[in-house]
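[1] output the structure for:
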Amino acid sequence: MEVNLGLKDNWKQFLLLVLVNMLVGGMVGLERTVVPLVGSEEFKIDSDLVIFSFIIAFGIVKAFTNLISGVLADKYTRKKILILGWLIGVPVPFCLAWGPTWNWIIAANILLGISQGLAWSMTVNMKIDLVGPKKRGLAMGLNEAAGYGAVGLTALLTGYWASEYGLRPYPFYIGIIYTVAGLLLSIIVITDTRKHAQLEAAQRKVTRAGEQAHKPSFSWVFRETTVKNTNLLTVSQAGLINNLNDGMSWGVFPLLFISAGVGLEGVGWIKAVYPVVWGVGQIITGPLADRIGRKPLIVWGMFVQVLGHIVIGLQILPPLQSGLTGSILLGAGTAMVYPALLAAVSDAAHPTWRASALGVYRFWRDIGYGVGAIMAGIIAGWLGIMWAVHVAGGLTFLSGVFVWWKMKESLEVSTQKDQAGIKTVSTTR
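    Numbering: from 1, shown residues only. Predicted coordinates:
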């Protein structure tokens, strides 16, 4: 079968991957509203840090899985790793629904972290492979819109079911459906895309001095993404802080707003609005990153998230309204940041090591879940739960300033033509 790059030539497979990533995202949405309350109300855990331990386990395991997912994909193909991710996730909804102790919830989140690190990473890599260099922002916008839109809708649905039927097991039944559907689609209809990445690598003949065109070692990619390349450094820290916000809100918001008198269904709406706005907004911000550049969206997206923290932290509005308004701002800011960060990594990394670079970036980004949950647990126990919101807002502001100061726009470099008219895709330092 002929292999071509571009959304037009690969739209059927692209849409199937969008559908698969909706199911991947839905698995995370299972936990957004209900699981912190399972810890506090069903298992009677009175330590915020212990309750947040399921997020810490998820974030750290997912981060390290991201780190190796690109290496595994290059060795065994994207499709095989996608299927493996679904297989590892099969026990998750059962453990969440019927696990007799909190340790079962922790175990479910370890499995979920591995599953998400493999499956979500592969949907990202496969879409980037299919579309080529021209539409990366659009591809990432649609991918993340599908995933996080499903996170939000599932959070809303589980909150409603919990208010009607109790915290367990009914809200987790939908996870069984997601798992079966995602596994079958991945096995039957998804095709591997590694040949598309190889085609782009073959076409990418013009490189700037210093770009690593051959297949480098993983240690080289880790250093390049983490420290040596200024753009990749700024992107990685912004991703970490962005997911620190998500990890903080994941654990803090249900407890914060329940204690403020908001009902379970209202908490479900607060938890749903954030990822839905985050997801749907990327349908706009993904293509926008291809038009105006990566840096403006990243910087201003971080500052919009700061506004969300301010609205929630200052409590000017009644609890439900402040939660909804703040979550909308957090979601809008994250929608601006997310596809631009992924596209910026893809701009900087050569196709021969792009999957590994994305894995390293996603490692640092998803470490943010664990860092956010640990920070929230410690700060909540020391100063009170609202101070976790204040600290997250301050860190987000500093991160946005750092991106504004250090990052160079990568879109101009990735789409410019040289004097011979040959498309140039290269690294900005």
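
[2] helices of the stretch 101-250 of the chain, start to end?
    Per DSSP state H, counting those that start in this stretch, the stretch 101-250 of the chain carries helices over the ranges 102-131, 136-165, 173-188, 194-203, 218-223, 230-259.

[3] could you dump the ones you listed to CSV with distance to Asp46, mean neighbour count and mean pLDDT?
    Backbone N, C-alpha and C define where each C-beta goes, glycine included. Converted to CSV, the helices of the stretch 101-250 of the chain look like this (distance: least, Cβ to Cβ, whole Å; neighbours: other Cβ atoms under 10 Å; pLDDT from 0 to 100):
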stretch, distance to Asp46, mean neighbour count, mean pLDDT
helix 102-131, 12, 24, 92
helix 136-165, 21, 24, 85
helix 173-188, 27, 18, 96
helix 194-203, 50, 17, 79
helix 218-223, 40, 16, 90
helix 230-259, 11, 24, 92
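
[4] just put those in TSV and tack on distance to Phe303.
    Below are the helices of the stretch 101-250 of the chain laid out as TSV (distance: least, Cβ to Cβ, whole Å):
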stretch	distance to Phe303
helix 102-131	25
helix 136-165	20
helix 173-188	34
helix 194-203	34
helix 218-223	30
helix 230-259	12
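
[5] ok, which of these comes nearest Gly293?
    helix 136-165 (9.5 Å; Cβ to Cβ).

[6] next one: that closest one to chain centre, how far?
    12 Å (Cα atoms, centre = their mean, to the nearest Å).

[7] of the helices of the stretch 101-250 of the chain, which approaches Ile378 most closely?
    Taking these one by one with Cβ to Cβ, helix 230-259 is closest: 11.4 Å.

[8] the closest one to helix 136-165, inter-axis angle?
    Put simply, helix 230-259 runs at 20 degrees to helix 136-165, going by axes from the mean of the first three to the mean of the last three Cα atoms, to 10 degrees.

[9] tell me how far helix 230-259 lies from the chain's centre.
    10 Å.

[10] tell me what that helix is packed against?
    helix 35-37, helix 48-51, helix 53-76, helix 264-292, helix 295-314, helix 319-348, helix 354-383, helix 385-406 (3 or more Cβ pairs under 8 Å, 6 or more residues apart in numbering; DSSP states H and E).

[11] and the shortest one, what does it pack against?
    Going back to what we said before, that points to helix 35-37. Secondary-structure packing of helix 35-37 (3+ Cβ pairs under 8 Å, 6+ apart): helix 230-259.

[12] separation between Gly301 and Leu67?
    Per Cβ to Cβ, to the nearest Å, Gly301 is found 25 Å from Leu67.

[13] mind listing what Leu244 touches?
    Gly368, Tyr369, Val371, Gly372, Met375, Ala392, Leu395, Thr396 (Cβ atoms under 8 Å, 6 or more residues apart in numbering).

[14] how about the second one, what does it touch?
    Residues touching Tyr369, when contacts are defined by Cβ under 8 Å, 6+ apart, comprise Ile55, Ile56, Phe58, Gly59, Ile60, Lys62, Ala63, Asn243, Leu244, Asp246, Gly247, Trp250.

[15] do you know which of the helices of the stretch 101-250 of the chain lies nearest Leu96?
    The stretch from the helices of the stretch 101-250 of the chain with the least distance to Leu96 (Cβ to Cβ) is helix 102-131; that distance is 5.2 Å.

[16] which strands and helices sit next to that closest one?
    With contacts defined as 3+ Cβ pairs under 8 Å, 6+ apart, the packing partners of helix 102-131 are helix 11-32, helix 53-76, helix 78-89, helix 92-98, helix 136-165, helix 194-203, helix 354-383.

[17] low pLDDT regions in the stretch 201-350 of the chain?
    By pLDDT under 70, the low-scoring segments of the stretch 201-350 of the chain are 204-215.

[18] where among the helices and strands packed on helix 102-131 is average confidence lowest?
    Between the helices and strands packed on helix 102-131, the lowest average pLDDT goes to helix 194-203, which shows a mean of 79.

[19] could you list every helix and strand in contact with that helix?
    Applying 3+ Cβ pairs under 8 Å, 6+ apart, we find helix 194-203 packed against helix 102-131.

[20] give me that answer again for 10 Å
    Packing partners of helix 194-203 (3 or more Cβ pairs under 10 Å, 6 or more residues apart in numbering; DSSP states H and E): helix 53-76, helix 78-89, helix 102-131, helix 354-383.
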